[in-house]
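Participant: Structure here, sequence nowhere to be found:
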Ligand SMILES: C[S@@+](CC[C@H](N)C(=O)[O-])C[C@H]1O[C@@H](n2cnc3c(N)ncnc32)[C@H](O)[C@@H]1O
Ligand SMILES: [Zn+2]
């Protein structure tokens, strides 16, 4: 389905050239479309592309310095420069932007299996005068990667930006990215990753997903777990640099290295999640543990004991669901993210405000606390009205615990405080209730069991100076209001520029049915989240990179 130009966001970016092509500008690239009615441009993904360019530039700095490329140029290929593969390129917009915005490149292979997409790539390479850097390729993405898996031919950067799950491409990608190289991976099948189909999640990612308030971060951790497992097969391991849950998709940037010894540490980075079916309490069980050896040189690996929970929840006596395994180590490399944030020049990217807001928030996140709770949800379980955020965060800080918000969920709160402490806050809050701590809770409910207990923690609600995190206090842009009607993962043609004939060819390759199924699932997921998140019902073009107004202090 095409979108007439006058119905699109960012109309100032479109013009019709002398030959009748519709042209759209993004970053330093211009992309040609056959006619106004065939404009298949997805502005929502601009943030993904901006971020990727910034990450590749930052990642490349050390590599170029080590290779003696001291003054890398944009648009001038360098023999010792960075090699990039965009394995699923559609129109080539992303690759053209790489070529025109990233210094010190050796070459960019811009691949798509659709002939029509590759015709468009050729056209855009010529129009943007980047034929000296970009090599268009018309092949299956995995085949291109397998041809580069030899040590001398591995690629410095591989970008995987599929519709849906990246899982079919991971075996090849984890073999063909260079040591110290960068793998950038998008997953748009959030419904699967967020627990709508745990069985499908297992078949794709080797992990069982759970429906939970922290499912967006859990999705990132499932993808990372999957990358690690593919890497381990080849004596390799990943180092997450930045892992983001953005709008309707997950995007992770990981460095890949080789080392049998480091691979042995994987079991201690991965683990199962136990989630209470009543109060949603979370507990984690790592698959292994590693500690320094007594000799001070080596490491000692051992099995863990468990499980971390009993048969019934200590808070509400309900049973547990088990999900995973997921990645339990940090999602980001904070040093890398700090440098990345520093590196973003003013006015360099159209989505600059959101990039800075999100990266600032990532730096605030508690790196050693996997997942989070939603205060509105916890309050709802015990049927209390929600207080200002700073009431809870002051109590947490006053008791000597830490907390942070999460980039993945507007209401998410990570904390080193045990859940029993959060329940105690609510018990004290409940005592102010005219009907007492139990309020109107029904006896059979998990909330009743929780509120039946007396609080045991010492709690001070005195306002704490750090109770409001910087990103929130300064109202930095972190989340996006739906930018246009029918936003979300686009139909293939929206981003791939594939005319009708090729659509048919592609459907003959047996992917269309899968694709439609996935679109249906993703639509269901969007409806599911929209029902719970009032901001996602607002459809406003002007707020493309905007954030819902900070509603008072809650
Ligand atoms: C989401 S689009 C890519 C968007 C692009 N990266 C961008 O930023 O504009 C996914 C593309 O993957 C292509 N594709 C799907 N399966 C493929 C495969 N096995 N090999 C190569 N290309 C494939 C589709 O034709 C489609 O053009
Ligand atoms: Zn419970």
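Facilitator: Cool, got the structure. If you're wondering where the values come from, they're calculated on a predicted model, not measured in any experiment. Ligands and ions are numbered 1, 2, ... in the order given.

Participant: Relative to ligand 1, which residue of the stretch 301-450 of the chain is the closest?
Facilitator: Per CB to the nearest ligand atom, residue 351 is where the stretch 301-450 of the chain lies closest to ligand 1, at 13.7 Å. The C-beta positions use only the backbone N, C-alpha and C, and glycine is treated the same way.

Participant: In this model residue 50 seems to touch that residue, though I could be wrong.
Facilitator: Yes: the pair formed by residue 351 and residue 50 meets the contact definition of CB atoms under 8 Å, at 4.7 Å.

Participant: re the thing from before, quick check, pLDDT for the residue of the stretch 301-450 of the chain closest to ligand 1.
Facilitator: pLDDT, residue 351: 94.

Participant: Just list the residues touching the residue of the stretch 351-500 of the chain found nearest ligand 2, thanks.
Facilitator: Proximity of the stretch 351-500 of the chain to ligand 2 (CB to the ion) peaks at residue 446, 5.6 Å away. Residues in contact with residue 446 (CB atoms under 8 Å, 6 or more residues apart in numbering) are 276, 278-279, 313, 315-318, 381.

Participant: Go through those and name the one nearest residue 411.
Facilitator: Using CB to CB, residue 381 comes nearest to residue 411 of these, at 13.7 Å.

Participant: count of residues packed around the closest one?
Facilitator: Using other CB atoms under 10 Å, residue 381 has 20 neighbouring residues.

Participant: check contacts around the closest residue to it other than its chain neighbours.
Facilitator: In space, and not counting its chain neighbours, residue 381 is closest to residue 447: 4.8 Å by CB to CB, 6 or more residues apart in numbering. Listed by CB under 8 Å, 6+ apart, the contact set of residue 447 reads 279, 316, 381-383, 441.

Participant: if you set the cut-off to 7 Å instead, what comes out?
Facilitator: Residues near residue 447 by CB atoms under 7 Å, 6 or more residues apart in numbering: 381-383, 441.

Participant: Can you tell me which of those is nearest residue 57?
Facilitator: Residue 57 has its nearest neighbour among the contacts of residue 447 in residue 381, at 45.0 Å by CB to CB.

Participant: State the pLDDT value of that closest one.
Facilitator: pLDDT, residue 381: 97.

Participant: Can you tell me how far it is from residue 214?
Facilitator: 15 Å (CB to CB, to the nearest Å).

Participant: Please enumerate the strands of the stretch 101-250 of the chain.
Facilitator: 105-111, 134-137, 155-160, 177-187, 236-246, 249-258 (DSSP state E, counting those that start in this stretch).

Participant: Which of these sits closest to ligand 2?
Facilitator: With CB to the ion, the closest approach to ligand 2 among the strands of the stretch 101-250 of the chain belongs to strand 236-246: 25.0 Å.

Participant: pLDDT weak spots in the stretch 251-400 of the chain?
Facilitator: Along the stretch 251-400 of the chain, no part satisfies pLDDT under 70.

Participant: So residue 300 sits against residue 291, correct?
Facilitator: Yes: in this structure residue 300 lies within contact range of residue 291 using CB atoms under 7 Å: 5.1 Å.

Participant: Mind pulling up the pLDDT for the residue of the stretch 351-500 of the chain closest to ligand 2?
Facilitator: 97.

Participant: before we move on, what about residue 153?
Facilitator: Note on residue 153: pLDDT of 97.

Participant: Please apply the same query to residue 207.
Facilitator: We have a pLDDT of 98 for residue 207.

Participant: quick one: it and residue 201 touch, right?
Facilitator: Yes: between residue 207 and residue 201 there is a contact at 6.2 Å, judged by CB under 7 Å.

Participant: any common contacting residues for these two?
Facilitator: Common contacts of residue 207 and residue 201, defined by CB under 7 Å, 6+ apart, comprise residue 222.

Participant: Relative to residue 278, how far out is residue 75?
Facilitator: 59 Å.

Participant: higher neighbour count, the two?
Facilitator: For residue 75 versus residue 278, neighbours defined as other CB under 10 Å are more numerous around residue 278 (20 against 16).

Participant: Enumerate every residue touching the spatially closest residue to residue 209 that is not a sequence neighbour.
Facilitator: Leaving aside its chain neighbours, residue 209 sits nearest to residue 201 (4.0 Å; criterion: CB to CB, 6+ apart). Residues near residue 201 by CB under 7 Å, 6+ apart: 192-193, 207-209, 222.

Participant: What parts of this structure come near ligand 1?
Facilitator: 45, 49, 88-91, 93-94, 111-114, 117, 140-141, 161-163, 495-496 (CB under 6 Å from any ligand atom).

Participant: again, only using 8 Å
Facilitator: Contact residues (CB under 8 Å from any ligand atom) of the chain with ligand 1: 42, 45, 48-49, 86-94, 111-114, 117, 139-144, 159, 161-163, 168-169, 186, 188, 490, 492, 495-498, 506, 511.
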